[in-house]
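Peer 1: Provided below for reference: sequence and predicted model.
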Amino acid sequence: MLKFILRRIGASALVLLGASLLMFFLTINSGDPLKDLRESNVQNKQQLMDQRSALLRLDDSPWERYWDWLSGVGGCFTGNCDLGVTINGVDVLGLTQQAATSTLRLITVATLLAIVVGIALGILTAIRQYSGFDYSITFSAFLFFSLPVFWAATLLKEFAAIQYNNWIAVGQYAPWTIVIVAILAGFLLQAVLGGTTRRRLITAAATFAFVTVMLFVFNALDWWRNPMFGIAGVLVVSAAAGVLVAALVVGLRNRRALYAALTTAVVGTVAYVAFAPMLVNDPSWLLLAVLFVVAIVVSVAIGAAWGGYARKQVMLVTGITGLITSIMVVADILIAHWASFLSIKSRPISTIGSQTPNFTGGFWEQVLDMGTQILLPTILLTLVSVATHSRYTRSSMLETLNQDYVRTARSKGLSEREVIVKHAFRNALIPITTIVAFDFAALIGGAVITEQVFGWKGMGALFQDGLNAVDPAPVMAFFLVTGVAAVLMNLVADIAYAALDPRIRR
Amino acid sequence: MKIRRLSAAVAVAASGALLFSACTSPAGNDDPDAGETTATSAAAEGPCKADLGDITTAEGEIKASVEDEFLGYNSNTPETYSTYNSAVTDRLFSGFYYFGTDGTICTDEAYGTYEAVSEDPLQVEYTLNDEAVWSDGTPVSYADYLLDWAAQAITEDGKVTDDASETPLFNHISGLTLGDYVPEGPQADAADAKTFTYDYERVYADWKILIGSAFPAHVVAEQAGVSTEELVTAIQELDMTVLEKAAKFWNEGWLSQPGEVPDPAITPVTGQYNFKADGWEAGQYITLEANPEYWGTPAATNELTLRFVAADAQIQALANGDLDVIQPNGPTVDTVTQLEQLGDAVTVDTNQNLTWEHLDFNFGSGVFADSLEAREAFALCVPRQKIVDDLIKPIAPDAVMMNAREVFPFQESYDDVVSESYDGRYDEVDLEAAKEKFAAAGLKEGEKVRIGYAAPNPRRAAEVEAIKSSCDQVGFDIVDSADPEFFDKALPNGDYEVALFAWAGSGQIASGQNIYATGFPQNYGKYSDETVDEAWDTLASTTDEAVHAEQTVIIEKQLWDTLFGIPLFAHPGVIAYSSSLSNVQNTATQSGVFWNAEQWSRAS
């Protein structure tokens, strides 16, 4: 295994070296770095052109320039990084750090969401192959996958930002909107849940009634402007999530798992009540992180204590329940701060930027601000990536479901849940690892247009500005980060593959 | 496996390359006055800034867009010199003059005054306002202007420049021009004098815009390890040990890493705005706040935030209130249509700016080189009005065909200059007359005419298309020879018959000499005419404005009569702003909508 990894790293280094050489030569030959000066009519034009030639070393041999760049990069191994300066004299190393941070902030949530939603949709569509649900998801997946990003971004800004902000100023649904939303919700849910016509009708009718009543209640409470969720809400949703997770992972016949999940939800909610003053009055990222770790550890411990014969699985159940409870707790606090956030920022969803300039609010208002700023690009990036993930998962899952051992498992009389979760799903996930790993690497460099239309300056802008100015330093820095990320993630995927699939190991 | 990964890298690069053919045309703006009647607004009389009277700074923030990151306090190095950087730094510095909305030179009397005490030899005396002070309390003085001169006069070898062609010690965008004209430097009694004079070695027509703002000499002196007086002496005596340290700081010390607000100790300001502590987020925005030490009329609004936003994201950001003022670079018909759809909440103002498009003949070689008739035939078939109607009016409805080169249609003197220099003979296409001239020139049907311009440029492609459909009827065969390397190759080598490009108006009076006089560097077409050369010499060697006007008419007339080329139109510009703001005003100059940013206020 070690030999394999070393061999892979060696090969990757050579590939990176070759690619960097190619990239460098392509960049410096991609245009005329003196173009704007040639068109200028200032008196000391020649002097300015000489000055820029000297700055970019246009008169030196390209090999020499490449070698100098490479030595600068080589310095990174001895803690002496030098990625050069841009055409504007700014240090590229610092720029790259800022750009990478900004891009990571932009894509992390989107990537995680895309993975979770994409895989879930893939599994569901595979189980309900050729159903109306499958067809509509397939259709939407292809639709979103082929959306031109800049156009979709314009639509999102118009409806999810400008129109929403106009609406939230009042925050009341019109009756006909409520009816349409309820009909849509009823239709969607019956399509997903499936069953006989009678069952579908009941599902649709119940959903319709529930959504209609809820929305009218929200209107009456002015909920959209002064929303509240409450400790009861946290408890109910966490407990429900716990039951669902237990049912999926070990089945409801294992009562210990069910009780463990419920215990986790209750303990989580009680802990929330205990820590609420601290969380609301004196919050910080450190406190949140510490509390989160404690929450997961406690949850897993609860699982271990209830455990019984399926201890590992029960620990997984409680771990996930603990995670969901933690998210609910944060969500509750954020929802409680929405009204005060609206009073500071009356148009909450922005179309540009990663934060509101000079935003003055408490910790939670700032979290909300960052959340509303990142919302639109996240939706867009998620929609695009969900398509690939769901398609790959679906085909991988279908392939697994048609395997002999799945038929054997069914004929043994295992429940459908066990067949799908234990036998099919796990094996179907193996090829997905590769795609997920590579997708993350690709997103680091691939969010160029999203960055531009939403006014983020990340890796995409670094690359684009550099190329526009025929300025190799930032372009090469972009290449370095994305290239290394791609190589590393590929390596991780390979190793994970070997770890997951015993057949690969030698 | 290896091959696949490599090709992925290439694909990333290639798809990137497709996306990034963005535009970099100069942004500029308009003339009309947007006079409004709220408490703090006053209609501007003429092109200079309106007098707002006795106002106080109102709380609040105005957000406007620029398209690129702020680079540093010193906008005068070639690395940092851009309209986007100046959008910030122009707010930080007061100067003796600024350009009004139509390019008029306006003076800022709160800062200081200047006058020519002698016309020939030219001697100019500058007097700073006694109250003019850096935000750290140090008065603005002679030392600052001596340093400003040193940065544009001293060569690498520690001498005062002889002919501005040496390598300069300071990395100044204007090179050594000032030192060339004023080798002695400004003269005053003491380092902290408020009055100083410049003795010009020869008369310089554009003396009014040679001296503007200055950098703080006391900061540079401190960084070089000397006192301000010692720095003054070092400059006067060309003491290189001090000057090298000073130049090093001047060149590099004011560059900023994005997001790190410069240390107030090394960046004092003299303008209405100053940096705000923690007000700069890399890649996102920079916020300026009113400078409490400013002695004159203060900024109307306390905070001014410049957000870095690409042109295509600006309109929706304005609609959503994320921005209050926008000026999209390279506006198209779509830009204007979208802005107008936003209704009353947004005010849109279009104009023509100081960049103008023109067709220039090649006098070095080719069919037009020696034949006035051939040039006339071409000029008679170019559908100038149609080009303006089809391509420019949809953006700026009041755009007109341009009939001069040295003055713009929105300037006061335009009508006078045009009526005396041009009789309107090429205003309308006259194919019959063109055919006659074509025959008289002895040209044969299918004469190839290459119109060269820098590709890609859709608007110029459309212009060439329009010219082709008209001029091909006369007998020319118009060839669209667009080339990404037009300025690099075709133009200097003379591989064209007609060049299509734009000059950005500099605000200078005598800069046209570079373009039209024999043997000057920007005279790409190798045009040569005695009358024109003589008129330029006369114009450039006097400061008398009457002579300037008189010679301009002579030059314009001769350029029309000999057909140097054909002016087409001034580029359109668009600004849009939230209707709750007052005093936002379009300008034709390159400073863009920010030119009077300190006067913007929000109606409460």
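Peer 2: Alright, I've got the coordinates.

Peer 1: going forward, measure contacts between C-alpha atoms and count neighbours the same way
Peer 2: OK.

Peer 1: going along the chain, name the strands of the stretch 51-200 of chain A.
Peer 2: For the stretch 51-200 of chain A, no strands are identified by DSSP state E, counting those that start in this stretch.

Peer 1: kindly report the residues of it close to chain B.
Peer 2: Taking CA under 8 Å from any CA of the partner chain as the criterion, the stretch 51-200 of chain A approaches chain B at residues A:52, A:87-91, A:94-95, A:98, A:157-158, A:161-162, A:165.

Peer 1: and these as TSV, adding pLDDT?
Peer 2: Below are these laid out as TSV (pLDDT from 0 to 100):
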residue	pLDDT
A:52	88
A:87	87
A:88	86
A:89	84
A:90	87
A:91	89
A:94	89
A:95	90
A:98	89
A:157	93
A:158	92
A:161	92
A:162	92
A:165	92
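
Peer 1: and those residues, which two are the farthest apart?
Peer 2: Using CA to CA, the pair of these lying farthest apart is A:52 and A:165, separated by 46.9 Å.

Peer 1: tell me, how many residues neighbour the residue in chain B that chain A sits nearest to?
Peer 2: Closest residue of chain B to chain A, CA to the nearest CA: residue B:79 (4.3 Å). Residue B:79 has 24 neighbouring residues, counting by other CA atoms under 10 Å in any protein chain shown.

Peer 1: one more: the one 5 residues further on?
Peer 2: In terms of burial, residue B:84 registers 22 neighbours under the definition other CA under 10 Å.

Peer 1: list the contacts for it?
Peer 2: Residue B:84 makes contact with B:66-70, according to CA atoms under 8 Å, 6 or more residues apart in numbering or on different chains.

Peer 1: near chain A, which residues of the stretch 201-350 of chain B show up?
Peer 2: With CA under 8 Å from any CA as the criterion, the stretch 201-350 of chain B meets chain A at residues B:255-258, B:279, B:282-285, B:287, B:305, B:308-310, B:312-313, B:316-317, B:319-322.

Peer 1: inside strands: which ones of those?
Peer 2: The strands, defined by DSSP state E, take in B:279, B:285, B:287, B:305, B:308 from these.

Peer 1: now do the phi/psi pair for residue B:169.
Peer 2: Backbone dihedrals for residue B:169, given as degrees, to the nearest 10, come out at phi -80, psi -40.

Peer 1: and whichever strand or helix holds residue B:380, what does it pack onto?
Peer 2: In this structure, residue B:380 is located in helix B:372-381 according to DSSP states H and E. Here helix B:372-381 touches helix B:431-440, helix B:458-471, going by 3 or more CA pairs under 8 Å, 6 or more residues apart in numbering or on different chains; DSSP states H and E.

Peer 1: what does the first one rub up against?
Peer 2: Okay, so that is helix B:431-440. Contacting residues not belonging to helix B:431-440 are listed as B:373-374, B:376-378, B:380-381, B:473-475 [CA under 8 Å, 6+ apart].

Peer 1: next structured bit after the lowest-mean-pLDDT helix or strand in chain B?
Peer 2: Here the helix or strand of chain B ranked lowest by mean pLDDT, DSSP states H and E is helix B:2-19, holding a mean of 34. The element immediately downstream of helix B:2-19 (helix or strand, assigned by DSSP H and E) is strand B:58-66.

Peer 1: for the residue nearest to residue A:297 when sequence neighbours are not counted, give its distance to chain B.
Peer 2: Closest residue in space to residue A:297, ignoring its immediate chain neighbours: residue A:319 at 7.9 Å, by CA to CA, 6 or more residues apart in numbering or on different chains. Applying CA to the nearest CA, to the nearest Å, the value for residue A:319 to chain B is 38 Å.

Peer 1: counting neighbours, what do you get for residue A:319?
Peer 2: Applying other CA under 10 Å, we find 24 residues neighbouring residue A:319.

Peer 1: touching, it and residue A:293? I think so.
Peer 2: No. Between residue A:319 and residue A:293 there is no contact under CA atoms under 8 Å: 10.9 Å.

Peer 1: poorly predicted segments of the stretch 401-506 of chain A, please.
Peer 2: A:445-446, A:505-506 (pLDDT under 70).

Peer 1: around chain B, which positions in it sit nearby?
Peer 2: With CA under 8 Å from any CA as the criterion, the stretch 401-506 of chain A meets chain B at residues A:452-458, A:464, A:467-468, A:483.

Peer 1: 7 Å - rerun?
Peer 2: Residues of the stretch 401-506 of chain A that fall close to chain B, judged by CA under 7 Å from any CA of the partner chain: A:452-457, A:464, A:468.

Peer 1: adding secondary structure and neighbour count, write the residues you listed out as JSON lines.
Peer 2: Shown next, in JSON lines, are those (DSSP: H, G, I helix; E, B strand; the rest coil; neighbours: other CA atoms under 10 Å in any protein chain shown):
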{"residue": "A:452", "secondary structure": "helix", "neighbour count": "22"}
{"residue": "A:453", "secondary structure": "helix", "neighbour count": "24"}
{"residue": "A:454", "secondary structure": "coil", "neighbour count": "27"}
{"residue": "A:455", "secondary structure": "coil", "neighbour count": "26"}
{"residue": "A:456", "secondary structure": "coil", "neighbour count": "29"}
{"residue": "A:457", "secondary structure": "coil", "neighbour count": "26"}
{"residue": "A:464", "secondary structure": "helix", "neighbour count": "23"}
{"residue": "A:468", "secondary structure": "helix", "neighbour count": "20"}
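
Peer 1: hang on, residue B:477 packs against residue B:444?
Peer 2: No. Here residue B:477 does not reach residue B:444: they are 10.3 Å apart, not a contact under CA atoms under 7 Å.

Peer 1: between those two, tell me which one has more neighbours.
Peer 2: Shown here are residue B:477 and residue B:444; by other CA under 10 Å, residue B:477 has more neighbours (17 against 11).

Peer 1: quick check: which element contains the more buried one?
Peer 2: Using DSSP H and E, residue B:477 sits within strand B:476-483.

Peer 1: ok, the residue of chain A found nearest chain B - contacts?
Peer 2: The minimum distance from chain A to chain B, using CA to the nearest CA, falls at residue A:88 (4.3 Å). Taking CA atoms under 7 Å, 6 or more residues apart in numbering or on different chains, we find residue A:88 in contact with B:79-80.

Peer 1: again, only this time at 8 Å
Peer 2: B:71, B:79-80.

Peer 1: save the residues you listed as TSV, and put in pLDDT too.
Peer 2: Output for the contacts of residue A:88, formatted as TSV (pLDDT from 0 to 100):
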residue	pLDDT
B:71	91
B:79	88
B:80	89
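
Peer 1: tabulate those residues (CSV), appending secondary structure.
Peer 2: Below are the contacts of residue A:88 laid out as CSV (DSSP: H, G, I helix; E, B strand; the rest coil):
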residue, secondary structure
B:71, coil
B:79, coil
B:80, coil
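
Peer 1: surely residue B:148 is in contact with residue B:220?
Peer 2: No. Residue B:148 lies out of contact with residue B:220 (CA under 8 Å); the separation is 11.1 Å.

Peer 1: of these two, who's got more company?
Peer 2: Between residue B:148 and residue B:220, counting by other CA under 10 Å, residue B:220 is the more crowded of the two (25 against 22).

Peer 1: go ahead and confirm that one touches residue B:249.
Peer 2: Yes. Between residue B:220 and residue B:249 there is a contact under CA under 8 Å: 6.8 Å.

Peer 1: so what's residue B:79 closest to, chain neighbours aside?
Peer 2: residue A:88 (4.3 Å).

Peer 1: wait, I meant residue A:56
Peer 2: Nearest non-adjacent residue to residue A:56 (CA to CA, 6+ apart): residue A:87, at 7.2 Å.

Peer 1: for the one you found, which residues are in contact?
Peer 2: Taking CA under 8 Å, 6+ apart as the test, what residue A:87 contacts is A:55-56, A:469, A:471, B:79.
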